[in-house]
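Enquirer: Provided below for reference: sequence and predicted model.
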Amino acid sequence: MNRIWRHAAVAALGLSLAACGRAGTDRATTVGFAQIGSESGWRAAETKLAISAAQARGITLKVADGQQRQENQIKAIRSFIAQGVGAIFLAPVVSTGWDDVLAEAKAAKIPVVLLDRQITTQDPSLFLTAVAADNVHEGQVAGEWLVGKVGAKPCRVVELQGTVGSTLVADRKKGFDQAIAKTPDIKIVRTQSGEFTRAKGKEVMEGFIKAENAAGICAVYAHNDDMMIGAIQAMKAAGLKPGTEILTVSIDGVPDIFKAMADGEANATVELAPDMAARGFDVLAAYQKDGKAPPKFVQTPSKLYLPDTAAAEYARRKDLY
Amino acid sequence: MSRAGRWLRAGLPQLAVLILALIANGLIAPNFFTLTVQDGRLFGGLVDVVNRGAPTALLGLGMALVIATRGIDLSVGAVMAIAGAVAAVAVNDGLAWPLALALALGAGLACGLWNGVLIAVLGIQPIVATLILMVAGRGVAQLITAGRIVTFDEPHLLWLGGGSVLGLPVAAVVALTALAVFLVATRRTALGLFIEAVGVNPRASRLAGIDTRGVLLCVYAASGLLAATAGVIAAADIRAADANNAGLWLELDAILAVVIGGGLLYGGRFSLSLALIGALALQTIKTGILRAGFPPEFNLIVMAAVVAGVLCLQSPAFAELVRRMRLRRSGAGS
């Protein structure tokens, strides 16, 4: 009997502490996550990893699927504010138009962490920090791998760009161009948009093979893995051997590219780490502990993966995405 | 004039466009017309055009029928995504391939019937009725694949995308078979006449005893079935169901194929073979643009300019101009 009372007292104390916490600094036991949607395997993995990272930290995560629409995301943020969540994670579907709703969050003293993408705003105090990859750096890692692999030999590269007009494409192109700029014998001879899809990647690569006379192509650089998977199919259909005759390097780290690497049909991928929410939680925890504002941009690592670990990585990822 | 002669004369502008587009491709890549045999399959620029164009051609056949009834089917791209998703998920769940294929085609047929009921029974305007499925259908496909790209490796299904029959790509054989089947169904029976009658004047044709509802239902069901066939082929081609991108904007390509093929958006007239040629011409132009080496930013501008040019060449005003010039020349000669 006595013990039960003691437990109850501890529980009551805990509750009152938690209540104090709500009013004070440590409110992040509930976090609202305004996610873009589930338009890709990568996005689905990001959501899954956010949920598991929250569970591991004892945080209640409320995920709102924005279905690719900004107004849905704004609605979700307003409802998070109304619910009095401790913090808000936002993966913004577009870069502009967030000022009003983020000002509301700021007025309610709820810190906002941007995940995966940046926003354009005059007032950087509207968000705590942005946790994202540096897309120029991703391109650089891909280019540096190719330079290291090819060395001083001449190499004609064909490039599969993403959808024309996105900053992601401009950045991934810029990084790669910077990395190969020092080696004049490695040059991009053809570039065309594969619109980030397998089907277009395949179609464009078919054209490259015909236009460049297969033997003239030394390497393929694709702005994402899906286009590369399509390109690999086009090379195989043409009787070429991707991975040995033609080098491949792409970006994202989706499961199927690891399968292709394990099968010896691809050479390298630069991972866009999907565990952005976990880093967001860490930044948030540090901020709430000592109250010191983190830098406005927390860069996630862009790790290069090669065929040696591909089979294990495929097994680890295939159910995540 | 013989039947073939009449067809040739009616299809002259379309054939001219296709041939011009092929010549342009030949100038862009001199090896465009080279055909070699690779792993028992034909391989070359022409094969690429036929392979890539087959889904649009299948959609174009359905679209030609729908447009002939003064309708339009905006949902075909989304139906492609649904069919691909159903086939991929079904074989990955261990279903036998014929069953997976039947499910995928059945899903397309069901989508087509849904459109047909909205239009024929409830009397909703076709552009609105099919817009519903265009928007919602992609969502359905994403639900089926759970937002992922579902890779599959069932050899029989993959054959539909990359296999060959007597050296010809399967996709092309399927498109030609579909053309033959629908030609027989519409031109060897009165069905084609019924379809055109409904397009010219639905009320009059109903009063004349044509089952307009039945005709409309059939036409939209056929469009759904053809879209599903295209969807399975497109998925097999990339060995995966990509619900977000499969068939994206292809409904517009299909409409364009019909228009390039000389179809009237007011309905009442259709030619399946010219729609097929329209689809091939469109794909030839696209292939040429992709290979020409323009910066990718110019793709759409070049495409728009070429299509505008093609449609100008086919316009009545241009035909009138040609007729007058001919008259003047013969007048000067006399």
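Expert: Alright, I've got the coordinates.

Enquirer: might one say that A:Thr120 is in contact with A:Gly97?
Expert: No: using Cβ atoms under 8 Å as the test, A:Thr120 is too far from A:Gly97 to be in contact (9.0 Å). Quick note: C-beta positions are derived from backbone N, CA and C, even for glycine.

Enquirer: of those two, which one has the most company?
Expert: A:Gly97 (16 against 11; other Cβ atoms under 10 Å in any protein chain shown).

Enquirer: surely that one is within a strand?
Expert: No: counting by DSSP: H, G, I helix; E, B strand; the rest coil, one finds A:Gly97 to be coil, located in no strand.

Enquirer: skipping adjacent residues, who's closest to it in space?
Expert: The shortest distance from A:Gly97 to any non-neighbouring residue, by Cβ to Cβ, 6 or more residues apart in numbering or on different chains, is to A:Gln70 (6.1 Å).

Enquirer: cool, A:Gln122 as well?
Expert: A:Gln122's closest residue in space is A:Asp99 (Cβ to Cβ, 6+ apart), at 7.5 Å.

Enquirer: phi first, then psi, for the closest residue to chain B within the stretch 101-250 of chain A.
Expert: Residue of the stretch 101-250 of chain A nearest chain B, by Cβ to the nearest Cβ: A:Ser193 (3.7 Å). Dihedral pair for A:Ser193: phi -80, psi 130, per degrees, to the nearest 10.

Enquirer: residues touching it, list them.
Expert: A:160-164, A:200, A:204, B:296, B:299 (Cβ atoms under 8 Å, 6 or more residues apart in numbering or on different chains).

Enquirer: what residues does the stretch 101-250 of chain A put near chain B?
Expert: Counting by Cβ under 8 Å from any Cβ of the partner chain, the stretch 101-250 of chain A comes close to chain B at A:161, A:164-165, A:190-193, A:195, A:197-200, A:202-204, A:206-207, A:210-211, A:213, A:226, A:229-230, A:233, A:237-239.

Enquirer: from those, list the buried ones, please.
Expert: Applying 16 or more other Cβ atoms under 10 Å in any protein chain shown to these, the neighbour count classes A:161, A:164, A:190-193, A:195, A:197-200, A:202-204, A:206-207, A:210-211, A:226, A:229-230, A:233, A:237-238 as buried.

Enquirer: strands of the stretch 1-150 of chain B, start to end?
Expert: Here the stretch 1-150 of chain B has its strands, by DSSP state E, counting those that start in this stretch, at B:36-38, B:41-43, B:149-151.

Enquirer: please identify the most buried of these.
Expert: Of the strands of the stretch 1-150 of chain B, the one with the most neighbours on average (mean count of other Cβ atoms under 10 Å in any protein chain shown) is strand B:149-151, at a mean of 21.

Enquirer: now the very next helix or strand once past it: buried residues?
Expert: Next in sequence after strand B:149-151, counting helices and strands by DSSP states H and E, comes helix B:155-162. Buried residues in helix B:155-162, counting neighbours by 16+ other Cβ under 10 Å, are found at B:157-158, B:160-162.

Enquirer: could you dump these to a markdown table with distance to chain A and pLDDT?
Expert: Output for those, formatted as a markdown table (distance: Cβ to the nearest Cβ, whole Å; pLDDT from 0 to 100):
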| residue | distance to chain A | pLDDT |
| --- | --- | --- |
| B:Leu157 | 15 | 96 |
| B:Leu158 | 10 | 95 |
| B:Leu160 | 14 | 95 |
| B:Gly161 | 9 | 92 |
| B:Gly162 | 7 | 88 |
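
Enquirer: now for those residues: which two are most distant?
Expert: B:Leu157 and B:Gly162 (10.3 Å; Cβ to Cβ).
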